[in-house]
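Q: Build the 3D model from these lines:
(2 chains, ligands or ions: 5)
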Amino acid sequence: MLVGEVKSIKELYGLDLIAPGHRACAGCGALVGVRQILMASKRPLIVVNATSCLEVTSTPYPQTMWKVPWVHLLFENAATAASGIEAALKVLSRKYGRQEHYIIAFGGDGGTFDIGIQALSGALERGHRFLYVCYDNEAYMNTGIQRSGATPLGAATTTSPVGTKIVGKTQQKKDLLEIVVAHRIPYAATASPSHWKDLVNKVRKAQSYDGPSFIHLIAPCTRGWYFDTSEAIKVARLAVETRYWPLYEVENGRYRITHPVPNPKPLEEFLKVQRRLSHLLLPENAEVLERLKAYVNERWERLQRLSACFA
Amino acid sequence: MAKVESSILPGGIISRPGSTSDYKTGTWRVKKPVVDLDRCTGCLLCWIYCPEPAIQKRNDGKIEFDYDYCKGCGICSVECPSKAIKMVEE
Ligand SMILES: Cc1ncc(C[n+]2csc(CCOP(=O)(O)OP(=O)(O)O)c2C)c(N)n1
Ligand code: SF4
Ligand code: SF4
Ligand code: SF4
Ligand SMILES: [Mg+2]
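A: Numbers count the residues shown, from 1 in each chain, chains lettered A, B, ... in the order given. Ligands and ions are numbered 1, 2, ... in the order given. As a prediction, the model looks like this:
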């Protein structure tokens, strides 16, 4: 049941590994994605969680939403903790023949792009068998919407406001997946909760490898992106349909766009529905908009060329 | 109110999996989703997109809400392809 491709939504029914009653904001995009990932995951499963919205809202002590063993250590070391668990399980299995678990580490963008990148790089290089999921809401949300290496150019955060001196964040988003791919791990992919089938099958694929794998998940945040609580999935879908969030995978070095977007919507469609970015549509910010569009286009064209190489 | 455990276990261990269900987030809701069962096809898309989860499948394959936990975000209403879910004032 838990192996192979998921073809129908009904196959996932009853596989939830989280309980309701968690304290994530109403309409949190991250929780939708995390829920889908857990439903698709092979079992038995151990979850490791970096300090973040997900960690804080899922475990209001003395309660937990998790129905699987879960461990929280620090903001910066989810990958290190996952490495240690994997190594310990290997020893237990060798000595006592115990079953080895699957391990998923979740980190936010702050915990992955910025403070946790050294721990992540080490774990990928050592080759531990685990899946790392970076759920990317493009800022440090849990502490009040500070900019991170994942925040896109022009986005307003509390530490990159829109004012007379700057128009939101002045730097482009770091291309984390390419840094991950440079470690030559067996499987790395982007994903979106709006495209649930693409996402759950990427989880299955990632866990089929005896080594590290990585999923970079877009996680629209109603609080930090400023859209209505009903719109997280709509916004995630717009990110894909405008090519802002290309859905692709790199399997043993081979690139493949998993959801081609032959007729993209204008990037403005994605920007105008979120107050952190809608100011880019104003005439005085046209230059910033052009730079953001250039980033999105260059990334897509590069991915298309790479995919064509391996087609 | 949430139940509070009388003693704190070493290492901050939480011993009850899924225990957030002690806490009814349904009290957060401003609007509640209501399904028109005549329109519902049982596609379960609302269910796959609910962040809580607070949607269940009924015996006839259609869906129902768990109002103890539904926070009233409205994602299900936006995502339902059959426009079967309306958000109404509590
Ligand atoms: C070493 C350290 N510095 C700062 C913090 C405070 N802190 C907790 S969560 C957080 C932000 C997390 O951001 P991200 O990883 O993007 O996750 P999000 O909350 O956005 O989901 C910060 C700064 C901390 N816990 N540890
Ligand atoms: S602040 Fe954003 S990421 Fe954090 S719980 Fe709320 S919606 Fe989710
Ligand atoms: S999305 Fe709409 S049609 Fe599909 S199961 Fe939910 S209510 Fe029914
Ligand atoms: S309104 Fe939100 S929380 Fe309630 S059932 Fe719909 S998606 Fe779930
Ligand atoms: Mg974040």
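Q: Show me where the stretch 151-300 of chain A has its strands.
A: Using DSSP state E, counting those that start in this stretch, the strands of the stretch 151-300 of chain A run over residues A:187-191, A:213-218, A:248-251, A:254-257.
Q: so can I have JSON lines of these showing distance to residue B:22 and mean neighbour count?
A: For glycine as for every other residue, the C-beta is placed from the backbone atoms N, C-alpha and C. Below are the strands of the stretch 151-300 of chain A laid out as JSON lines (distance: least, CB to CB, whole Å; neighbours: other CB atoms under 10 Å in any protein chain shown):
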{"stretch": "strand A:187-191", "distance to residue B:22": "32", "mean neighbour count": "26"}
{"stretch": "strand A:213-218", "distance to residue B:22": "28", "mean neighbour count": "26"}
{"stretch": "strand A:248-251", "distance to residue B:22": "39", "mean neighbour count": "22"}
{"stretch": "strand A:254-257", "distance to residue B:22": "44", "mean neighbour count": "16"}
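Q: who in chain B is up against ligand 3?
A: Residues of chain B lying near ligand 3 by CB under 6 Å from any ligand atom: B:35, B:40-46, B:63, B:80, B:82, B:84-85.
Q: Include secondary structure when you put those residues into CSV, please.
A: Compiled in CSV, the residues of chain B next to ligand 3 are given as follows (DSSP: H, G, I helix; E, B strand; the rest coil):
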residue, secondary structure
B:35, strand
B:40, coil
B:41, coil
B:42, coil
B:43, coil
B:44, coil
B:45, helix
B:46, helix
B:63, strand
B:80, coil
B:82, coil
B:84, coil
B:85, strand
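Q: Ranking by neighbours, what's the top pick from the residues you listed?
A: Neighbour counts for those (other CB atoms under 10 Å in any protein chain shown) peak at residue B:63, which has 25 neighbours.
Q: how about stretch A:7-21, does it get close to ligand 3?
A: No - with CB under 6 Å from any ligand atom as the criterion, ligand 3 is not reached by stretch A:7-21; the gap is at least 9.3 Å.
Q: Below-threshold pLDDT in chain B: ranges please.
A: B:1-6 (pLDDT under 70).
Q: residue at max distance from the center of it?
A: Largest separation from the mean C-alpha position in chain B: residue B:10, at 32.3 Å (CA atoms, centre = their mean).
Q: between the strands of the stretch 151-300 of chain A, which gets nearest to ligand 1?
A: strand A:213-218 (11.3 Å; CB to the nearest ligand atom).
Q: Tell me the helices and strands packed up against the closest one.
A: helix A:29-40, strand A:131-136, helix A:176-181, strand A:187-191, helix A:196-206 (3 or more CB pairs under 8 Å, 6 or more residues apart in numbering or on different chains; DSSP states H and E).
Q: I'd like the average pLDDT over it.
A: The average pLDDT within strand A:213-218 is 99.
Q: Neighbouring strands - and their directions - for it?
A: strand A:131-136 (parallel), strand A:187-191 (parallel) (DSSP bridges).
Q: Contacts for the longest one, please.
A: Outside strand A:131-136, the residues within contact range by CB atoms under 8 Å, 6 or more residues apart in numbering or on different chains are A:30, A:33-34, A:37, A:52, A:54, A:78-79, A:82, A:102-109, A:111-113, A:120, A:123-124, A:150, A:176, A:203, A:206-207, A:212-219.
Q: Tell me which of the strands paired with strand A:213-218 lies nearest to ligand 3.
A: Using CB to the nearest ligand atom, the nearest of the strands paired with strand A:213-218 to ligand 3 is strand A:187-191, at 21.2 Å.
Q: now the helices and strands packed on strand A:213-218 as a markdown table including distance to residue A:233 and mean pLDDT?
A: Converted to a markdown table, the helices and strands packed on strand A:213-218 look like this (distance: least, CB to CB, whole Å; pLDDT from 0 to 100):
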| stretch | distance to residue A:233 | mean pLDDT |
| --- | --- | --- |
| helix A:29-40 | 7 | 98 |
| strand A:131-136 | 14 | 99 |
| helix A:176-181 | 22 | 98 |
| strand A:187-191 | 13 | 98 |
| helix A:196-206 | 9 | 98 |
